[in-house]
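A.B. asks: from the sequence below, what's the structure:
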Amino acid sequence: MNETILKLDRVTKRFSGHVAVRELSLEVPKGGIFGLLGPNGAGKTTTLRMIMNIIVPDQGKVVLFEGQKSGREYSDRIGFLPEERGLYKKMKVVDHLAFLGETKGMNRKVAIQKAREWLERLGLHDWTAKKVEDLSKGMQQKVQFIGTLLHDPELVILDEPFSGLDPVNSEVMEEVVVEIARSGRTVMFSTHNMEQAEKMCDRVVIIARGVKALDGSLSEVKEGYGKRNIALTFGSGGGGKAARVLQDPSLVSTLNDSGTSAELELAPGASSQRLLRSLVEAGVELLRFEVVNPSLRSIFIAKVGAEAATPVASEARNA
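C.D. replies: Reported below is the predicted structural model:
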């Protein structure tokens, strides 16, 4: 049986009468990539802050490494990247990273050497001696990412780590996260990007408005859903022509439509052949029409409804 590196047991957190997280239970096994997923305001950041003992649960218990210490007391074994980025702007990049390493118990000389290696790898070698304030926002984000990993933590916790990054830098950091997991360490990251999570995660928990909606490995989640969807990609102008067909409740039960492509669940009694015939008769140009396993996003919307994907204002502030 796999060792459990993190366990939440019926954890609840309230802010001024608002319940940000309600009786959340989950287990993160050692090794692999664990996704804490949900829309903005779902309670993801609140959950990670409770894990790190930045805030304390009103009810329930957080257990790390099967021990009795809090997240702060395990600081040397955990790398935490908060959603709110914070760096000392006047410090040189390498000095800043060395300082972060020292706070985790690293020897300064070792920390500087490892910092230089990471800066080289992430394309920041020429900025080593520059002040943090001279770096772009994306560069600063990579520096903080390096600081999170510098001491080789057993558990890496990342809160929206790819938010705001361009596609190239996002892919570079994704590769690092996958590499960490393959080395036997554990990565837990939060995101509202279901597509990104589906590409990277071994296991997921999806929460909506502080309540757990789904929990398990990707294969378990999809098998538990028990349905297959239709994936469509439209040719020029096809999305507009398809709208009337896709809004027919006798054909389509749930729909995730981006305009140029769509994924849908057929209505009870409808068939893929009937849907295809209706689209062709409506003059829709189709580049793709395929029966597929449902995406995480489609499953999420089907389970909790599109309304749950829209946070209320108070949740967005406290999540």
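
A.B. asks: so which elements touch the helix or strand encompassing residue 101?
C.D. replies: According to DSSP states H and E, residue 101 maps onto helix 93-103. Contact here means 3 or more Cβ pairs under 8 Å, 6 or more residues apart in numbering; DSSP states H and E; on that basis helix 93-103 packs against helix 108-121, helix 137-149. All C-beta spots, glycine's among them, are computed from the backbone N, C-alpha and C.

A.B. asks: got the angle for it vs helix 137-149?
C.D. replies: Between the axes of helix 93-103 and helix 137-149, defined by axes from the mean of the first three to the mean of the last three Cα atoms, to 10 degrees, the angle is 30 degrees.

A.B. asks: for helix 93-103, buried residues please.
C.D. replies: 93, 94, 95, 96, 97, 98, 100, 101, 102 (16 or more other Cβ atoms under 10 Å).

A.B. asks: repeat for stretch 39-54
C.D. replies: Buried residues in stretch 39-54 (16+ other Cβ under 10 Å): 39, 41-53.

A.B. asks: related to what we said a few turns ago, could you dump the buried residues of helix 93-103 to TSV with distance to residue 57 and pLDDT?
C.D. replies: Shown next, in TSV, are these (distance: Cβ to Cβ, whole Å; pLDDT from 0 to 100):
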residue	distance to residue 57	pLDDT
93	36	96
94	38	96
95	37	95
96	32	95
97	32	96
98	34	96
100	27	94
101	30	94
102	31	95
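
A.B. asks: tell me what angle the helix holding residue 101 forms with helix 108-121.
C.D. replies: Going by the same axes, to 10 degrees, helix 93-103 makes 130 degrees with helix 108-121.

A.B. asks: outside of helix 93-103, which residues touch it?
C.D. replies: For helix 93-103, contacts defined as Cβ atoms under 8 Å, 6 or more residues apart in numbering pick out 75, 87-88, 91, 108, 110-112, 114-116, 118-119, 124, 127-132, 135, 143, 146-147, 150-151.

A.B. asks: so how far is residue 213 from the residue nearest to residue 150 when sequence neighbours are not counted?
C.D. replies: Nearest residue to residue 150, sequence neighbours excluded (Cβ to Cβ, 6 or more residues apart in numbering): residue 101, at 4.7 Å. Applying Cβ to Cβ, to the nearest Å, the value for residue 101 to residue 213 is 38 Å.

A.B. asks: next one: residue 125
C.D. replies: 43 Å.

A.B. asks: thinking again about what came up before, closest to residue 178 out of the helices and strands packed on helix 93-103?
C.D. replies: The minimum distance between residue 178 and the helices and strands packed on helix 93-103 falls on helix 137-149, with 13.1 Å, by Cβ to Cβ.
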